[in-house]
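# Just a sequence and a predicted model for now, questions to come.
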Amino acid sequence: MQKWIGLFLLFSIGLAKAQPVHTLPVFTLNEKSIQKLNRADSSKLLNISEKVVQLQGISFRSYGPGGLQTLSYRGGGASQLLTTWEGMPINSSMNGQTDISNFNGAALLPGIENQSSGFSGALSGQLDLKNHVGGGNFLNVIVGSMGEYASSVSVSQSLKRGFYSQTNLGGSYNPNQYPYRNTFTNELQSRQNAAWQSATIFQAFGWKGKNIETEGKYWFQNTFREIPGSLTTGFQNDKQLDRSHKYLQTFSYNRSRTSYKAKILAGSDLLHFHHGQQREVLPSINRYIRSLLSADYSLLPLVKANITATGTTDWAHNKEYSTWRNRSIYSVNTGLLVKTNLNLQVKVANRADIQRNVWNPSVTVVYQLKAVYLDAAFEETTRYPTMNELFWSVGGNPNLLPERAQKWRGSFGYQKNRLAFKVEAFKYLVNNYLLWYPSDLGIWQAQSAGNVLQQGVELSAAYDLGKNVGTFWPELSVNASFTQAEAKDENGFLANNRQLIFIPKYQYLAQSKWSLPKQLQAMVQWQWVGDRYIGFSGEGILEGYGLFNASIEKRLTAFKRSFDIGIRADNLLNKEYYTLPNFPMPLRSVRISITSKL
């Protein structure tokens, strides 16, 4: 019944102009505007995990709030989504994934891109995390109904002669003792041994001149969590500590016809794991360097050429490797962008992975005629096996070939006045699809499943009623999105040539926002995630779920200061749901946020 309520909301609520969620593009050939596509809501009521799952096409698997959380996009696996920080890859070289819950204390704004920024690994897409530098000084405090507590301080300074700096400090704690219903006993129980806490330090310092800008960013993240058992194994005493250091230095130089950009990212990830009452398992260490050099040159007023060199080097070690392992990938990207007076834009590019002699060509065509927007693209891209897939002591395979994907997509959009909508179809054919599969002896092994076809369609729509609609609802905007993503094994490696495990075929999100009198804003949201297979042989299905969320925010003035107060309620209908089998998610919860300018 809830599914049909959500469908009715999705199609009866209307079509809309994009609000801060940015589910729709700005229909212009301006590249900077196109890059804003699918930016998430920046509300301080949301942590980074909640912002990411709002993005169209994203699905996630979680052990519960604060627990391990991995992401998938358009039917791909978690390691096929390239995660970047300001355009520089930060995926783990060990498993190729990103545990997005590690970043919950950081002030980040996520966005999704269909094409990579010059690095390998974006088979399904690229999730880019950005820090917003500037915006004033503020203190934010969040208190939740399950003992959740979070606070952050941001201080921005404009110094003399073009220098500026920003400091963000954040911390959070959640005992995670939330109620859930045990599906085996039908009893209402409380989550145990699932607490987590995190601390974040972000420091940026830069200088901006007439044609030159340079900026350094340091990001420290420390997360400690207890890892609960499933309903079938009971609650455990496993504990995990994740600690990461990242430093990003950027430099840019711009003139009328030329621009140059350089970036270098150095980082270290450390993971300590304690298993039950046993001694500490040896830590996993991942160290890396990423570099990017790019030059743009306008050959003619409507023709621009680009050449970009990228490099990644990783060093990794844990108890399952016989020694330190390392991997390097160096690429040269070349591109040519041609615009015409007929509102037509064509971009042709190629990424050559030098030492592997692999070419990844792409072509994109964009056309705009007044309110109508059309684009089509083809791209080949590559993901190389991770350290675990190659060198894990039991199950690793050093002879694995890289995954290669051929990606087609096309979209049609319309935007005029207050109405906008977009339809995009995609088809990805992945060769040498890599996954971990249990052998006849029950040993999990990394192997190729042959060819996997990922295809689907995404619909997004929005409508803005504008100001002065009645006396109580002066501004109302609505947006909605729907994703259908099939990911099937073409070679019959999996049972019955069906959908891959944990990948939902259908997802949709409907959201409505009101801007009310006296600086009051309200939001209601409905999210539906369809059924997912949980076994390679088709022996189990994880049921879909629908979540109804709402929030209200208001700005107050007191003691000569302004305060933004927000209240958000998640899972208002008390839905019992799972993103992983036997790991229950919370029932209804409430969160209060207070933000004060300093």
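Ah, there it is.
# Give me the residues contacting stretch 221-235.
By CB atoms under 8 Å, 6 or more residues apart in numbering, the residues outside stretch 221-235 that reach it are 63-64, 66-68, 101-106, 182-184, 191-200, 236-244, 581-584. The way it works is simple: take the backbone N, C-alpha and C, and place the C-beta from them, glycine included.
# Buried among these? Make that a ChimeraX selection.
Typed into ChimeraX, the line below selects the buried ones among the contacts of stretch 221-235, using 16 or more other CB atoms under 10 Å:
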select :63,64,66,67,68,101,102,103,104,105,106,191,193,194,195,196,197,198,199,200,236,238,239,240,242,243,244,581,583,584
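# where does the stretch 401-550 of the chain dip in pLDDT?
For the stretch 401-550 of the chain, the stretches with pLDDT under 70 are 466-476, 490-498, 517-518, 536-539.
# show me where it has strands.
Using DSSP state E, counting those that start in this stretch, the strands of the stretch 401-550 of the chain run over 403-416, 419-431, 434-438, 444-448, 452-464, 475-489, 506-516, 520-529, 532-533, 541-542, 545-558.
# Mind listing what's buried along the third one?
So the one you mean is strand 434-438. Residues 434-435, 437 are the ones in strand 434-438 that count as buried (16+ other CB under 10 Å).
# ok, now the first one?
For strand 403-416, the neighbour count (16+ other CB under 10 Å) marks 403-405, 407, 409, 411, 413-415 as buried.
# Reformat the residues you listed as a markdown table; add distance to Val133.
Listed next are the buried residues of strand 403-416 as a markdown table, based on distance: CB to CB, whole Å:
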| residue | distance to Val133 |
| --- | --- |
| Glu403 | 35 |
| Arg404 | 37 |
| Ala405 | 34 |
| Lys407 | 33 |
| Arg409 | 32 |
| Ser411 | 31 |
| Gly413 | 31 |
| Tyr414 | 35 |
| Gln415 | 30 |
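# Spatially, and excluding backbone neighbours, which residue is closest to Pro504.
In space, and not counting its chain neighbours, Pro504 is closest to Gly530: 4.4 Å by CB to CB, 6 or more residues apart in numbering.
# With Ser259 instead?
In space, and not counting its chain neighbours, Ser259 is closest to Asp296: 4.6 Å by CB to CB, 6+ apart.
# Packing partners of the helix or strand hosting the one you found?
Counting by DSSP states H and E, the element that carries Asp296 is strand 280-300. Where contact means 3 or more CB pairs under 8 Å, 6 or more residues apart in numbering; DSSP states H and E, strand 280-300 is packed against strand 88-89, strand 258-274, strand 303-317.
# ok, back up a step: is the residue nearest to Ser259 in contact with Lys304, as I believe?
Yes: with contact defined as CB atoms under 8 Å, Asp296 and Lys304 form a contacting pair (5.9 Å).
# and Glu389, that's in a strand?
No: residue state for Glu389 (DSSP: H, G, I helix; E, B strand; the rest coil) corresponds to helix; a strand is not indicated.
# residue contacts, it?
Residues near Glu389 by CB under 8 Å, 6+ apart: 96, 396-397, 400, 434, 446.
# ok, the residues you listed vs Ala316, which is closest?
Ala316 has its nearest neighbour among those in Gly96, at 11.4 Å by CB to CB.
# With adjacent residues omitted, what lies nearest to the closest one?
Spatial nearest neighbour of Gly96, excluding adjacent residues (CB to CB, 6+ apart): Ser79 at 3.2 Å.
# Doesn't the one you found lie inside a strand?
No: the assignment for Ser79, made by three-state DSSP, is helix rather than a strand.
# my read: it touches Tyr384, true?
No: counting by CB under 8 Å, Ser79 does not reach Tyr384; the two are 10.6 Å apart.
# More neighbours: those two, which one.
Ser79 (25 against 21; other CB atoms under 10 Å).
# which residues does the nearest residue to Leu271 once chain neighbours are set aside contact?
Leaving aside its chain neighbours, Leu271 sits nearest to Ser284 (4.4 Å; criterion: CB to CB, 6+ apart). Taking CB under 8 Å, 6+ apart, we find Ser284 in contact with 94, 269-271, 273, 316-318.
# Kindly report the same for Arg290.
88-89, 119, 263-266, 310-312 are the contacts of Arg290 under CB under 8 Å, 6+ apart.
# so what's it scoring on pLDDT?
Note for Arg290: predicted pLDDT of 96.
# quick one: Gly75 and Leu429, what's the gap?
Using CB to CB, to the nearest Å, one gets 12 Å for the distance from Gly75 to Leu429.
# okay, those two: which has more neighbours?
Between Gly75 and Leu429, Gly75 has the larger neighbour count (other CB under 10 Å), namely 28 against 16.
# And that one, how far from Gln527?
Gly75 sits 18 Å away from Gln527, going by CB to CB.
# Likewise for Tyr247?
For Tyr247 relative to Gln527 (CB to CB), the value is 36 Å.
# Apart from its chain neighbours, what residue comes closest to Glu215?
Nearest non-adjacent residue to Glu215, counting by CB to CB, 6+ apart: Gly206, 3.5 Å away.
# Could you confirm that neighbour falls within a helix?
No: the assignment for Gly206 is strand, going by three-state DSSP, so no helix is present there.
# quick thing: my sequence starts at 5, can you match it?
Yes, from this point I'll number from 5; that puts the last item at Gly210.
# Please report the distance of it from Val398.
47 Å.
# which of those two has more neighbours?
Here Gly210 and Val398 are compared on neighbour count by other CB under 10 Å; more neighbours surround Gly210, at 18 against 8.
# can you pull the buried residues of the strand holding Asp300?
Buried, per 16+ other CB under 10 Å, within strand 284-304: 285, 288, 290-292, 294-298, 300.
# can you put those in CSV and add distance to Val147?
Below are the buried residues of strand 284-304 laid out as CSV (distance: CB to CB, whole Å):
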residue, distance to Val147
Val285, 35
Ser288, 34
Asn290, 34
Arg291, 37
Tyr292, 37
Arg294, 37
Ser295, 42
Leu296, 41
Leu297, 46
Ser298, 44
Asp300, 47
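# any idea which of the residues you listed is the one closest to Arg331?
Arg331 lies nearest to Tyr292 out of the buried residues of strand 284-304, by CB to CB, at 9.5 Å.
# what bits of the stretch 205-354 of the chain have low per-residue confidence?
Along the stretch 205-354 of the chain, the model assigns pLDDT under 70 to residues 237-240, 280-286.
# I'd guessed the residue nearest to Glu219 sits against Tyr168; true?
Yes: at 5.6 Å, Gly210 counts as touching Tyr168 under the criterion of CB under 8 Å.
# Angles on the backbone of Lys164, please.
phi -70, psi 150 (degrees, to the nearest 10).
# tally of neighbours for it?
Applying other CB under 10 Å, we find 5 residues neighbouring Lys164.
# how near is it to Asp568?
Distance, Lys164 to Asp568, by CB to CB: 31 Å.
# In contact with the closest residue to Ala199 other than its chain neighbours, which residues?
With CB to CB, 6+ apart as the measure, Pro179 is the residue that lies nearest to Ala199, at 4.7 Å, once sequence neighbours are left out. For Pro179, the contact set (CB under 8 Å, 6+ apart) comprises 150-151, 198-199.
# Kind regards, and thank you for your time.
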